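Student: Sequence first, predicted model second:
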Amino acid sequence: MTSLSRRNLMGAAGAAMFSQLFARGAWGQSGGSRPNLILFYPDEMRADALACYGNPVTRTPNFDRLARSGTLFRNAHVQYPVCAASRCSLLTGLPTSATGHRGFSYLIQPNEPNMLGMLRQAGYDTFFFGKNDVLSPEAFATSLTGWADPPAPGAAPGDHAPGARRGATGGPVTMLLPATGDRRATSDYGIIQRAREIISRKESDRPFCLFLPIFQPHPPYRAPEGFHDMYKAADLPPLIPPGLKDKPAFHDAIRRKYGLDQVDDAVLRQVRAVYYGQVSYADWLLGELMEALEKAGRDKDTALFVSSDHGDYAGDYGLVEKWHGGLESCLTHVPLIGRVPGGTPGVVAQDMVEAFDIMPTFLSLGGASAAHTHFARSLMPQLHGQPGDPDRAAFTEAGINIYEPQAFDTPSGGVYRAKSELAAEQPVLVGRAASVRTRRYTFISRPQGLSELYDRQADPGETRNLFGARSVAKVQGDMEQRLLNWYINTTGVPLDTRNSRDVPNFTAPQAPRPDSAAAARVLDL
């Protein structure tokens with residue numbers, strides 16, 4: 001008998017619903033003045049991996065084309081450096097401290113407002129194709145018209161990186177694996193094919209919203225043929241080196257646990273080269289999506305956004321993947337590009353924004369509004385060439401404390417095994433932390449470890465920790481106060497339950513006194 005995990009069960013049910021709805025012709029082309037909405041959402045994509053964000057090596061023509069036709073947000077940061085918590089903030093407009101969505105196993109519940117559910121209530125057909133990590137199983141039906149997590153040909157449902165979780169690595173955990181084969185034989189390509197079917201539908205006058213969380217460029221570092229070897233390690237700019245002074249303890253701990261202290265710079269540069277190949281593959285997928293919009297005539301009445309849940313070390317600091325307690329800019333700084341009907345092309349917005357700003361922006365485009373308290377801000381001014389808030393800061397939380405074991409990872413195998421083991425063995429390495437970023441400075445507070453302060457204008461790689469230096473004492477004090485004020489103003493958002501303070505009415509039931517022998521007499525009849 002084949003066992004079904006919760007993920008497999010949801011994927012199978014979603015795929016079945018998708019087939020039935022499509023067969024009935026229940027989905028169709030949108031009409032009216034409200035635009036269709038698409039969020040193309042690569043997993044683990046750092047902003048500086050794209051040419052339009054200044055990368056001198058990578059080839060990302062479709063991201064670049066989208067930026068030229070819309071607005072590129074130069075300074076967008078996520079609310080949390082790990083997938084699930086970041087995505088929960090994205091859809092709710094709330095930081096982790098306000099919701100408790102920390103870790104991988106506590107996802108959005110049916111009673112929590114989320115962007116997809118609110119758009120559905122406003123008359124949109126909402127679709128979710130790809131990796132989940134955001135909605136609880138019970139929230140799918142209340143938030144979505146249809147959903148699916150299409151596997152790669154021959155792969156098990158939910159397995160976006162076949163082979164990555166099986167067996168021991170047998171050496172340093174670089175997360176480098178061989179190429180995967182044909183570019184059209186991946187789960188991500190299946191996601192784009194599902195999106196094509198919605199884009200080209202003709203039977204409905206309801207606008208649609210597509211959420212497309214693809215897997216690439218998430219580790220393991222491997223890409224399809226034609227992309228895996230697209231970049232040569234020797235041609236890349238230098239990585240941020242390991243062993244820097246005054247860095248968090250998890251840097252050295254990860255390197256020892258993963259065996260990364262045994263590999264040289266050439267191996268880490270190969271990690272970066274393959275990661276860039278994955279980024280270019282994600283760019284090709286975006287091109288396929290944009291081509292589908294153009295062929296269906298939907299590019300003029302569809303708002304298209306791209307962003308990501310967090311970045312990736314990809315060799316910087318001698319590290320790979322991400323970390324629960326990591327708050328480096330290579331993890332928090334993500335691309336955010338949007339093109340809307342009637343928007344101003346070629347805008348580069350320099351002000352600080354946050355990834356969850358997508359939520360009120362989509363609601364505004366869809367003629368909807370959030371009924372719940374949230375702290376995200378609409379990006380509509382910048383999309384139309386107007387200035388944002390030059391004094392705004394971006395806030396990111398990270399980590400899990402030992403008293404919340406429910407938020408720690410479930411055990412993983414293969415290339416992911418060391419990560420879950422290290423956090424369980426030394427939980428202080430994933431202790432809670434928080435950061436605030438302005439256009440110039442990064443301040444990171446670590447109550448259980450080493451706090452950090454960086455001047456990104458002079459030190460873009462955040463290599464020189466200035467925390468405690470007399471020369472930046474005022475800056476440090478201002479940033480600490482700003483972070484404290486943010487916590488005071490955003491934590492503990494109450495639910496809108498409106499309970500009565502009166503004692504509820506109570507009338508004792510008219511019933512016989514309990515008789516211990518009564519149950520036996522009844523059951524023995």
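Tutor: Yep, it's here.
Student: Run through the residues that contact Pro509.
Tutor: By CB atoms under 8 Å, 6 or more residues apart in numbering, the contact list for Pro509 is empty. From N, CA and C alone the C-beta is placed, and that goes for glycine too.
Student: next one: Glu354
Tutor: Glu354 touches Ala76, His77, Val78, Gln79, Ala376, Arg377, Ala394, Phe395, counting by CB under 8 Å, 6+ apart.
Student: how near is the fourth one to His101?
Tutor: From Gln79 over to His101 the distance is 10 Å, taken as CB to CB, to the nearest Å.
Student: which regions of the stretch 401-525 of the chain sit below the pLDDT cut-off?
Tutor: In the predicted model of the stretch 401-525 of the chain, residues 525 satisfy pLDDT under 70.
Student: Strands of that one, residue ranges please.
Tutor: In the stretch 401-525 of the chain, the segments counted as strands under DSSP state E, counting those that start in this stretch are 433-437, 441-445, 452-455.
Student: returning to what we had before: can you tell me which of the contacts of Glu354 are buried?
Tutor: The neighbour count (16 or more other CB atoms under 10 Å) marks Ala76, His77, Val78, Gln79, Ala376, Arg377, Ala394, Phe395 as buried among these.
Student: Those residues into CSV, with extra columns for pLDDT, distance to Phe356 and secondary structure?
Tutor: What follows is those, written out as CSV (pLDDT from 0 to 100; distance: CB to CB, whole Å; DSSP: H, G, I helix; E, B strand; the rest coil):
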residue, pLDDT, distance to Phe356, secondary structure
Ala76, 98, 10, strand
His77, 98, 10, strand
Val78, 98, 8, coil
Gln79, 98, 6, coil
Ala376, 98, 4, coil
Arg377, 98, 9, coil
Ala394, 98, 10, strand
Phe395, 98, 10, strand
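Student: Report the two of the residues you listed separated the most.
Tutor: Val78 and Arg377 (15.0 Å; CB to CB).
Student: count of residues packed around Val440?
Tutor: Not quite, residue 440 is Arg, not Val. Neighbour count for Arg440, taken as other CB atoms under 10 Å: 11.
Student: Repeat that for the one 10 residues further on.
Tutor: Around Leu450 there are 14 other residues, counting by other CB under 10 Å.
Student: residues contacting it?
Tutor: Counted by CB under 8 Å, 6+ apart, Leu450 has contacts Asp246, Lys247, Pro248, Ala249, Asn465, Phe467.
Student: just the strands in the stretch 1-150 of the chain please.
Tutor: Under DSSP E, counting those that start in this stretch, the stretch 1-150 of the chain gives strands at 36-40, 71-77, 125-129, 146-148.
Student: now those strands in TSV, with distance to Gly54?
Tutor: TSV is the format used below for those (distance: least, CB to CB, whole Å):
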stretch	distance to Gly54
strand 36-40	21
strand 71-77	9
strand 125-129	31
strand 146-148	36
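Student: Those: which one's closest to Gly259?
Tutor: Nearest to Gly259, of the strands of the stretch 1-150 of the chain and by CB to CB, is strand 71-77 at 30.9 Å.
Student: What is that closest one packed up against?
Tutor: Judged by 3 or more CB pairs under 8 Å, 6 or more residues apart in numbering; DSSP states H and E, strand 71-77 is in contact with strand 337-339, strand 347-354, helix 380-383, strand 394-398.
Student: That one vs strand 441-445, what angle?
Tutor: Orientation of strand 71-77 against strand 441-445 (axes from the mean of the first three to the mean of the last three CA atoms, to 10 degrees) gives an angle of 40 degrees.
Student: in strand 71-77, what counts as buried?
Tutor: By 16+ other CB under 10 Å, the buried positions in strand 71-77 come out as Thr71, Leu72, Phe73, Arg74, Asn75, Ala76, His77.
Student: Export that strand to PDB, keeping only CA atoms.
Tutor: C-alpha atoms of strand 71-77 as PDB (Å, rounded to 0.1, in the frame of the first residue of the first chain):
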ATOM      1  CA  THR A  71       9.300  49.300 -11.900                       C
ATOM      2  CA  LEU A  72      12.400  47.800 -10.400                       C
ATOM      3  CA  PHE A  73      12.500  48.200  -6.600                       C
ATOM      4  CA  ARG A  74      16.200  48.500  -5.800                       C
ATOM      5  CA  ASN A  75      16.000  47.900  -2.100                       C
ATOM      6  CA  ALA A  76      13.400  45.200  -1.300                       C
ATOM      7  CA  HIS A  77      13.900  43.000   1.800                       C
END
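Student: Tell me how far that strand lies from the chain's centre.
Tutor: Here the centre of strand 71-77 is set off from its chain's centre by 15 Å, with CA atoms, centre = their mean, to the nearest Å.
Student: Ok, stretch 317-324 next?
Tutor: Counting by CA atoms, centre = their mean, stretch 317-324 is centred 16 Å from the centre of its parent chain.
Student: so for it, what's the average pLDDT?
Tutor: Stretch 317-324 carries an average pLDDT of 97.
Student: same question, stretch 341-348
Tutor: Average pLDDT, stretch 341-348: 98.
Student: Output the strands of the stretch 401-525 of the chain as TSV; include the columns mean neighbour count and distance to Arg166.
Tutor: Formatted as TSV, these follow (neighbours: other CB atoms under 10 Å; distance: least, CB to CB, whole Å):
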stretch	mean neighbour count	distance to Arg166
strand 433-437	24	33
strand 441-445	23	36
strand 452-455	21	37
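Student: mind checking which of the helices and strands packed on strand 71-77 is nearest Pro224?
Tutor: Among the helices and strands packed on strand 71-77, strand 337-339 comes nearest to Pro224, with 23.4 Å by CB to CB.
Student: Please name the strands paired to that closest one in the sheet, noting orientation.
Tutor: Using DSSP bridges, the strands paired with strand 337-339 are strand 71-77 (antiparallel), strand 302-306 (antiparallel).
Student: Identify the residues contacting the longest one?
Tutor: Meaning strand 71-77. 47, 52-53, 307, 329, 332-339, 343-344, 347-355, 357, 379, 382-383, 394, 396, 437, 439.
Student: Between the strands of the stretch 1-150 of the chain, which one is closest to Pro217.
Tutor: Short answer: strand 36-40, nearest of the strands of the stretch 1-150 of the chain by CB to CB, at 13.2 Å.
Student: and the angle from the closest one to strand 302-306?
Tutor: Per the same axes, to 10 degrees, the angle that strand 36-40 makes with strand 302-306 is 20 degrees.
Student: avg pLDDT for strand 36-40?
Tutor: For strand 36-40, mean pLDDT rounds to 98.
Student: Could you list every helix and strand that it packs against?
Tutor: strand 208-212, helix 265-295, strand 302-306, helix 358-365.
Student: Same list, those, but as JSON lines with mean pLDDT and mean neighbour count please.
Tutor: Listed next are these as JSON lines, based on pLDDT from 0 to 100; neighbours: other CB atoms under 10 Å:
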{"stretch": "strand 208-212", "mean pLDDT": "98", "mean neighbour count": "25"}
{"stretch": "helix 265-295", "mean pLDDT": "98", "mean neighbour count": "22"}
{"stretch": "strand 302-306", "mean pLDDT": "98", "mean neighbour count": "24"}
{"stretch": "helix 358-365", "mean pLDDT": "98", "mean neighbour count": "23"}
